[in-house]
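> With the sequence up front, the predicted model follows.
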Amino acid sequence: MNSTRYLSFSKSPEEREVLGAWWKELQDNHGDRAALRRCTSAAEVAFVPAFHHLRLELSKITSVRPESLARVAGVLSHVKTYDETGGRRIAQQIAAKREGSDQGRVSDLRFRRLLAIDDKDQLYGSMIRILRLLKGEADIPSLADGIYWWNDGTKNAWAYDYYSVALEKK
């Protein structure tokens, strides 16, 4: 029986480990990180060797959609802190209150605009702007899964995560 295995950074420890190791190595290699950070689209990311290190490592485990993975690599180059301790998925982090404020780190309006995006190149720029609002802190596996699999199912899951935190009472 031939079973299809889908890439999942959140659910597969092996894929999560490859992604985390790649990101940590990127933090130590400022030239590669800067090259990825200068990219404005997945097409530009494809010209950066650091992306191909990730692609080739993941290809040993499962099949990979290069253009989707390029988007993930480009956005992850903007992550400064890998939030491994909080246990919150990225949409929950987006909804979390700012310190000393009742407001979320990303407003409801901006979040709804994010969910309205269908064009994946537009998603690339929007996710980088959201990461700036999060001060570069993110749960890398859930962020990577969301970008890689951006579709109505992802948007639906992010909406449930966002509003479960945003509407929490103090």
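In hand now; what should we look at? Residues are numbered from 1 along each chain as shown.
> Would you mind pulling the contact partners of stretch 52-68?
5-7, 12, 14-15, 18-19, 22, 25, 42, 46, 69-70, 73, 120, 147-149 (CB atoms under 8 Å, 6 or more residues apart in numbering). For the C-beta atoms, the positions are set from N, CA and C on the backbone; glycine is no exception.
> What mean pLDDT does stretch 140-154 get?
Stretch 140-154 shows an average pLDDT of 96 in the prediction.
> For the residue most central in space within the chain, which non-adjacent residue is closest in space?
Geometric centre of the chain, nearest residue: residue 143, 2.7 Å, by CA atoms, centre = their mean. Spatial nearest neighbour of residue 143, excluding adjacent residues (CB to CB, 6 or more residues apart in numbering): residue 90 at 4.4 Å.
> how many neighbours does residue 20 have?
The local packing of residue 20 (other CB atoms under 10 Å) involves 16 other residues.
> secondary structure element for it?
helix 13-28 (DSSP states H and E).
> Can you give the contact residues for the helix or strand of the chain with the lowest mean pLDDT?
Least confident helix or strand, the chain: strand 81-82 with a mean of 90, by mean pLDDT, DSSP states H and E. Identification of contacts with strand 81-82 by CB under 8 Å, 6+ apart yields 20, 23-24, 135-140.
> Buried ones only from those, please, as a PyMOL command.
With 16 or more other CB atoms under 10 Å as the criterion, this PyMOL line picks the buried residues out of those:
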select buried, resi 20+23+138+139+140
